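**Q** below are the sequence and a predicted model for it; my questions follow.
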Amino acid sequence: MNLENFENILITGARGNSAYFFLRELEKNNIESKISVICRDKSKNKYFDQFKLNFKIFNGDINDKIFFEKCLKNIDTILHTANMENSESIVNVASKKVKWIILVHSTMIYSKNLSPFIKNRIRIDDKIKENFNNTTILRPTMIYGNHRDINFSKLIKFMNNFRCMPIFGSGNNLIQPIFVQDLSKAYFEVIRYKEKTFGNNYNLSGKNHIKYIDALGFITTKLNKKIILIKIPISLGKLIVRFMQIFFIGKFPIDVSQVERQSENKNIDHYAAKKDFNFSPRSFEEGIEIQIKNYKDTKGSIEINKK
């Protein structure tokens, strides 16, 4: 292993879900070089005590240009796992100061339902891809695997507590989620195989695609629950969401574009990642079984990185 690739790294979003497992991957591989991290709140610095790694912690906001420039001293590589909306400003500041910027974006940019939110993400991704040659963009699909994911953790909890589960559309749309630990290992391998991955972009998905309705069926089986799946036409779903947004004065957690995306196929191949750094993620069935077991073992409170 070329350990030099892991020297002088700066991680944004270092307290995030995938970053947690990336730090565990560094730990497992006995990376001894100093790891620079940005933590907005100084009172949260103790979080990093759980890792057997050599940290340099910067406290501040990555949107503060002067602060961020100070963080870049002696840095060769940035792994940006924080909000994708910050990618543009990070690249603008850092592209001439560091050798390599790895950005974690999303396969959401392939959606055909172009809400303003998605359009902005497409713009950011395209602009960076077209104007900077020292970046590598990683685009994971839907991330799952523990209590901190915003997708299947809520779904599992809902299905464990209620007898009915609404589905917008037929449920026959394909999904290909990625297990969070597989994503984090991909970060590690991308850096490890820098000579192949530098300047390239990769989609990162699970081993196989699965129909959404079949994924729900698998979850119900592993929860040992009998759940009635109620199919709601997309058109009716949009009307319901519009009404709920008015009723909740814009605070309802689902918007119309999310309902429309329920009918989309989200199966994305990861051939380039497999070819360049032997990306070999686990199947959805393997990953979700682990997540459900953890959910059961902890009675719905999975605190693997609580510190």
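**A** Everything's here; your move.
**Q** tally of neighbours for Lys70?
**A** 11 (other CB atoms under 10 Å). All C-beta spots, glycine's among them, are computed from the backbone N, C-alpha and C.
**Q** how about the one 5 residues further on?
**A** Ile75 sits with 18 neighbouring residues when counted by other CB under 10 Å.
**Q** check Gln291 too.
**A** Gln291: 22 neighbours (other CB under 10 Å).
**Q** for it, which non-adjacent residue is closest in space?
**A** Take Gln291 and drop its neighbours on the chain: the residue closest to it by CB to CB, 6 or more residues apart in numbering is Gly145, 5.6 Å away.
**Q** need the phi and psi values for the one you found.
**A** Backbone torsions for Gly145, taken as degrees, to the nearest 10, come to phi 140, psi -20.
**Q** next, count neighbours for it.
**A** Residue neighbour count, defined by other CB under 10 Å, stands at 28 for Gly145.
**Q** what sits against it?
**A** Counting by CB atoms under 8 Å, 6 or more residues apart in numbering, Gly145 makes contact with Phe152, Phe179, Val180, Gln181, Gly287, Ile290, Gln291.
**Q** by neighbours, which of these wins?
**A** Highest neighbour count within these: Phe179, with 25 neighbours (other CB under 10 Å).
**Q** how close does that one get to Phe48?
**A** 24 Å (CB to CB, to the nearest Å).
**Q** also Lys56?
**A** Separation of Lys56 from Phe48 (CB to CB) stands at 10 Å.
**Q** what of Lys97?
**A** 24 Å.
**Q** more crowded one of those two?
**A** Neighbours per residue, other CB under 10 Å: of Lys97 and Phe48, the larger number sits with Phe48, 17 against 14.
**Q** show me the contacts for that one.
**A** Ala14, Val37, Cys39, Phe55, Ile57.
**Q** assign the closest residue to Arg40 other than its chain neighbours to helix, strand or coil.
**A** Leaving aside its sequence neighbours, Arg40 sits nearest to Asp61 (CB to CB, 6+ apart; 5.9 Å). Under DSSP: H, G, I helix; E, B strand; the rest coil, Asp61 falls in the coil class.
**Q** Ala273 belongs to a helix?
**A** Yes. The assignment for Ala273 is a helix, going by three-state DSSP.
**Q** how far off centre is the longest helix along the chain?
**A** With secondary structure taken from DSSP state H, the chain has its longest helix at helix 116-131. Distance of helix 116-131 from its chain centroid, counting by CA atoms, centre = their mean, to the nearest Å, is 17 Å.
**Q** ok, which stretches of the stretch 51-200 of the chain are strands?
**A** Remark: strands assigned in the stretch 51-200 of the chain by DSSP state E, counting those that start in this stretch are 55-59, 77-80, 100-104, 135-140, 143-144, 164-168, 174-175, 178-179.
**Q** weakest of the ones you listed in terms of mean pLDDT?
**A** Here these differ in mean pLDDT, and the lowest is strand 164-168 at a mean of 86.
**Q** who does that one touch, helix- and strand-wise?
**A** When contacts are defined as 3 or more CB pairs under 8 Å, 6 or more residues apart in numbering; DSSP states H and E, strand 164-168 packs onto helix 212-223, strand 228-232.
**Q** let's see it at 10 Å
**A** If you count contacts as 3 or more CB pairs under 10 Å, 6 or more residues apart in numbering; DSSP states H and E, strand 164-168 packs onto helix 152-161, helix 212-223, strand 228-232, helix 234-247, helix 256-261.
**Q** partner strands of the shortest one, parallel or antiparallel?
**A** In the sheet containing strand 228-232, its partner strands are strand 164-168 (parallel), by DSSP bridges.
**Q** flag every buried residue along the partner strand.
**A** If you call a residue buried by 16 or more other CB atoms under 10 Å, then strand 164-168 has these buried ones: Met165, Ile167, Phe168.
**Q** got TSV for those, with distance to Lys70 too?
**A** Formatted as TSV, those follow (distance: CB to CB, whole Å):
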residue	distance to Lys70
Met165	49
Ile167	49
Phe168	47
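**Q** do you know how far the most centrally placed residue in the chain is from Ile213?
**A** Residue closest to the mean C-alpha point of the chain, counted by CA atoms, centre = their mean, is Ile143 at 5.1 Å. Using CB to CB, one gets 21 Å for the distance from Ile143 to Ile213.
**Q** what's the answer for Gln245, then?
**A** From Gln245 to Ile213 the distance is 26 Å (CB to CB).
**Q** same deal with Arg121?
**A** For Arg121 relative to Ile213 (CB to CB), the value is 27 Å.
**Q** mind checking which of these two has more residues around it?
**A** Arg121 (19 against 16).
**Q** okay, now the nearest residue to that one once chain neighbours are set aside: neighbour count?
**A** Computed as CB to CB, 6+ apart, the closest residue to Arg121 that is not its neighbour in sequence is Ile109, at 5.5 Å. By the criterion of other CB under 10 Å, Ile109 has 17 neighbours.
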